[in-house]
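Enquirer: Provide a 3D model corresponding to the input given below.
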Amino acid sequence: MDSKVTGASADSPYPTALDGAGVYRWACVAAAALGEHRAEINAMNVFPVPDSDTGSNMAHTMAAAVEEVHRRFGPDPDVESLTLDDVAGALAAGSVRGARGNSGVVLSQVWRGIAEATAGGRVDGNTISRALTLARAMVDRAIADPVEGTVITVLRSAAVAAEDAVNHQAPLYDVVQQATTAAKTALQNTPSQLSALREAGVVDAGGAGFVVLLSSLLSYLEGTPVETHPTIVDDLANQPEMEVMAYLESTGERQIDLDALRTALEGMGNSLIIAPEGHAAQTHIHTTQPGEVVELLYTSAPIVSGLRLEVLPPAPATSQPERVLVAVVPEGPLVNLFEDAGVRVLSPSNNTSPTATFNEDAVNAFAASLRAEAATEVVLIPNGVLSRRDLISAELACTAAGKTLSIVHSDCPVRGIAALAVHDPASPFAVDCFSMGDAASSMRVARIVDNTTPNTYASYADWQYGAFNARVFDDAPLATATTVQQCLLDTCTHMLQRGGELVTLLQGEPFLDDNDVAELQQQLNHARDGLDVGDISVVSVHAEGIRPLVEIGVE
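Expert: Next up is the predicted model:
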């Protein structure tokens, strides 16, 4: 490693930061790598039009960026004397002016992001994270109709991963490594998002070029060549597994190194058996690389006999995609209720208004934490806390993390509880989500607010002040009373006229004890005496943190 970096830490052999010279040399490596993979990336180019020029466009854009450094500071610049601002500014300007096609524009925004994020005079992990985040925002503004399953998705995934790494105090190398890994994962998922890619059997060309850019930085830090990126989506699960068996023998002139053979074969498959017998050994392995295994056997032993290859039947698909439920719940006892049910809870801090706009950064940070989960299916229960913009951000962030998201229509916490009650992780994803949504939307909801003081939760023209008022959730008034107990009884009685057997009460303030709840249940059932209907059950939950005094759900 040359002088372009701030030295490696005691915990890592890799540099902790790049200076101007380091960024210039990274750009040169990236330009060379994009040029080398130009034809390969061109061959993937099927969306939005199959004009086979994405690789050429990105290579030209990157070359223009490096050329701008040469134009400003000479064809063979003394880069060690250049500041980071000099280099980053030139690379950004050159890439913007030389950008070709959508993919070139995206690439130029990455360099713009780096130029804007280098105020500290060096490029460390935090700089890379901020640069990718800035680039993502710039791309969103620059492209009128962004499409998922393209370089935009890959860039977003890398940005989220980099931010997550920085939040865990990761050094430069780890930030780049995690961003690159996330970008590769997102790239491999692009065919599932765009039918044109799926039908052609390729990944997104622009996304592949962006992965080359990140990989070039990773390789530069490691001092290794940039790896080749596959044009076809390989699914090893679809490749036939084969059983390979052979008998190996040594000779007086040449012995078999069984330890070395075992080490080499361990990375080629499973069910590996090497059974020594004097100066010979019987070998057995299940592999999807039979050619490489046979070649290794013949190079490892002077005598190979009894070679047998047999295609194995495909393994039954026994594993199901893991599913995680995510609920947005105001801080308080409701958090424990959802968590005890196995739900991952996200609570808005310092703001419990049901119409509040949730922090988009928090949504992205939570989605970043999902990347560490094995779950591939995510059910979001927003409980009326998230705005439409927040829901869009949550969906895009989950897409970037490679997750399938379904949003349950729960516009208040009591409907979220109804949805949770029918959750069945053994059901197919779509069926489970439909059942949860149906339970949430079928629940009739009312809210009681305390209007006995000037400080009221809400004002409507038909509220009666100096009393407790109940109204159907976001609809007509139901009841007014001077005590909350009477208002609650009148409201539940009115709601049960349309049927129902279960009443759920969320108490925003703890005014009902167990005896009060039992008395309410008795009163409601007494009103049904003589009717051919089932008994009514009343369940009360402490829910400090919600804004109404009581939230009532009937189902």
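
Enquirer: ok, A39 - contacts?
Expert: A39 makes contact with G55 under the criterion CB atoms under 8 Å, 6 or more residues apart in numbering. The C-beta positions use only the backbone N, C-alpha and C, and glycine is treated the same way.

Enquirer: assign a three-state SS to it, would you?
Expert: Under the three-state scheme (DSSP: H, G, I helix; E, B strand; the rest coil), A39 adopts helix.

Enquirer: chain neighbours aside, what residue packs nearest to A161?
Expert: A182 (3.4 Å; CB to CB, 6 or more residues apart in numbering).

Enquirer: I'd assumed V160 was in contact with that neighbour.
Expert: Yes: the pair A182 / V160 is scored as a contact, 6.9 Å apart, by CB atoms under 8 Å.

Enquirer: got the buried residues for the top helix by length along the chain?
Expert: Longest helix in the chain, counting residues (DSSP state H): helix 54-73. Residues of helix 54-73 classed as buried: 54-69, 73 (neighbour count, 16 or more other CB atoms under 10 Å).

Enquirer: show me where pLDDT drops low in the stretch 451-555 of the chain?
Expert: Filtered on pLDDT under 70, the stretch 451-555 of the chain yields the residue ranges 452-467, 469-471, 473-476, 529-533.

Enquirer: strands along that one, start to end?
Expert: Applying DSSP state E, counting those that start in this stretch to the stretch 451-555 of the chain gives strands spanning 467-472, 477-481, 502-507, 537-542, 550-554.

Enquirer: out of those strands, which is the most enclosed?
Expert: Across these, averaging neighbours per residue (mean count of other CB atoms under 10 Å) puts strand 550-554 on top, at a mean of 24.

Enquirer: can you tell me the strand partners of that one and which way each runs?
Expert: Strand 550-554 pairs in its sheet with strand 444-451 (antiparallel), strand 502-507 (antiparallel), by DSSP bridges.

Enquirer: of all these, which lies closest to A280?
Expert: Distance to A280, taken as CB to CB, is lowest for strand 502-507 among these, at 73.3 Å.

Enquirer: okay, that closest one in PDB with CA atoms only?
Expert: What follows is strand 502-507, C-alpha atoms only, in PDB (Å, rounded to 0.1, in the frame of the first residue of the first chain):
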ATOM      1  CA  LEU A 502     -65.600  -9.000  21.900                       C
ATOM      2  CA  VAL A 503     -65.000  -5.500  23.200                       C
ATOM      3  CA  THR A 504     -61.400  -4.400  23.500                       C
ATOM      4  CA  LEU A 505     -60.600  -1.300  25.500                       C
ATOM      5  CA  LEU A 506     -57.300   0.500  25.300                       C
ATOM      6  CA  GLN A 507     -57.000   2.800  28.300                       C
END
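
Enquirer: what's in contact with it?
Expert: 334, 413-414, 417-418, 488, 492, 495-496, 512, 517, 521, 524, 536-544, 546, 549-555.

Enquirer: can you rerun that using 7 Å?
Expert: Under the contact criterion CB atoms under 7 Å, 6 or more residues apart in numbering, strand 502-507 has outside partners 413-414, 417, 492, 536-543, 546, 550-555.

Enquirer: angle of that strand against strand 537-542?
Expert: If you take axes from the mean of the first three to the mean of the last three CA atoms, to 10 degrees, strand 502-507 sits at 20 degrees to strand 537-542.

Enquirer: pLDDT below threshold where in the stretch 101-250 of the chain?
Expert: For the stretch 101-250 of the chain, applying pLDDT under 70 flags the ranges 119-120, 141-146, 199-200, 224-240.

Enquirer: care to break this protein down by domain?
Expert: Domains of the chain are assigned by the TED database as 20-222, 242-311, 323-442, 444-455+462-554.

Enquirer: out of those, nearest to P13?
Expert: P13 lies closest to domain 20-222 among those, at 8.6 Å (CB to CB).

Enquirer: are we agreed that S441 is in a helix?
Expert: Yes: the assignment for S441 by three-state DSSP puts it in a helix.

Enquirer: quick one: contacts for it?
Expert: H409.

Enquirer: center of the protein, which residue is that?
Expert: Note on the chain: the residue nearest the mean C-alpha position is A401, at 2.1 Å, using CA atoms, centre = their mean.

Enquirer: look at that one and report its pLDDT.
Expert: On pLDDT, A401 comes in at 73.

Enquirer: before we move on, what about the one 3 residues further on?
Expert: With respect to pLDDT, T404 has a value of 85.

Enquirer: excluding chain neighbours, what is closest to it?
Expert: Nearest residue to T404, sequence neighbours excluded (CB to CB, 6+ apart): E377, at 5.1 Å.

Enquirer: now do Y173
Expert: Counting by CB to CB, 6+ apart, the residue nearest Y173 is Y14, at 3.8 Å.
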